[in-house]
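Colleague: pasted the sequence and its predicted model underneath.
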Amino acid sequence: MRQLNNTESFIFLAGAVMMVVGSAANIFLQGWAPYVFAMGALAFVLMQLKQRYEGNNLTIRRLRGIMIASDVCFLLAALLMFANQGNFIGLRWTYYVNYVHNNWVVALLIAAVLQLYSTHRISRELDKEAKKL
């Protein structure tokens with residue numbers, strides 16, 4: 001896996017912290033929370049996409065695909081967090097409550113579980129690969 005330099009690592013860590021702050025602030029109904037979460041999610045996802053795998057291990061490639069799916073879920077959570085601020089999409093109230101209202105939490109949970117799994121498994125696979133060499 002390509003390693004991030006110091007600046008990229010700082011952006012990656014700052015994005016993760018901003019996502020935590022944004023999600024915690026959204027629970028307390030702060031109006032600025034979706035903006036902080038979205039900026040953090042975008043920084044986190046972009047830095048994670050810069051970490052490419054150039055090898056040919058099929059397991060790591062599959063796990064990178066899972067990691068990208070979790071990145072999409074992080075961005076979807078940011079979008080749903082903005083939609084949670086009000087019904088600006090123009091849906092009927094019943095559809096809004098059923099499909100949009102507070103469902104950013106579900107997308108965030110799915111993303112976090114996928115991220116945790118893929119990160120743990122990729123590190124184990126990279127260790128196995130390093131031992132073979």
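Modeller: Perfect, thanks for sending it. Model, not experiment: these values are computed from the prediction.

Colleague: any idea how far stretch 60-67 is from the middle of the chain?
Modeller: Average the C-alpha atoms of stretch 60-67, do the same for its chain, and the two points are 14 Å apart (C-alpha atoms, centre = their mean, to the nearest Å).

Colleague: could you list the low-pLDDT ranges of this protein?
Modeller: Confidence mapping of the chain against pLDDT under 70 gives the ranges 86-91, 97-100.

Colleague: the residue most central in space within it: helix or strand, and which one exactly?
Modeller: Taking C-alpha atoms, centre = their mean, the centroid of the chain lies closest to residue 74, which sits 3.4 Å from it. Secondary structure from DSSP states H and E places residue 74 in helix 58-83.

Colleague: pull out the buried residues from that helix.
Modeller: If you call a residue buried by 16 or more other C-beta atoms under 10 Å, then helix 58-83 has these buried ones: 60, 63-64, 66-67, 70-71, 73-78, 80-83. No exception for glycine: its C-beta is placed from N, CA and C like everyone else's.
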